[in-house]
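Participant: below is the sequence, then the predicted model.
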Amino acid sequence: MKIEDITEDWDLVVTALQALWRERVSAYNTTTTVAQLNGMESPKEELFGISEAADALRRIGAAPVR
């Protein structure tokens with residue numbers, strides 16, 4: 001089943017994907033802050049899978065606002 005075809009439990013799937021997106025953004029922000037405070041280079045956003053969670057939300061019709 002494709003994510004675009006979900007009709008049953010749509011609210012549950014959206015809620016779960018939004019939580020996943022928030023957790024990944026929070027982890028990235030925390031890691032970036034710690035890196036900056038220690039004079040280190042910030043990690044790449046791609047390492048946290050933020051775009052994958054956002055893409056899934058977009059495909060299901062519930063894109064996050066950043």
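Facilitator: Yep, that arrived.
Participant: and residue 8, backbone torsions?
Facilitator: Here is the backbone geometry of residue 8 (degrees, to the nearest 10): phi -80, psi 140.
Participant: neighbours of it, how many?
Facilitator: Residues within reach of residue 8, counting by other CB atoms under 10 Å, total 7. Using the backbone N, CA and C atoms, a C-beta is placed for each residue, glycine as well.
Participant: quick check: pLDDT value at it.
Facilitator: Note for residue 8: predicted pLDDT of 84.
Participant: which is the next helix or strand following the longest helix along the chain?
Facilitator: The longest helix of the chain (DSSP state H) is helix 10-37. Sequence-wise, the next helix or strand downstream of helix 10-37 (DSSP states H and E) is helix 50-60.
Participant: and that next one, what's buried?
Facilitator: For helix 50-60, burial by neighbour count (16 or more other CB atoms under 10 Å) applies to 50, 53, 54, 56, 57, 60.
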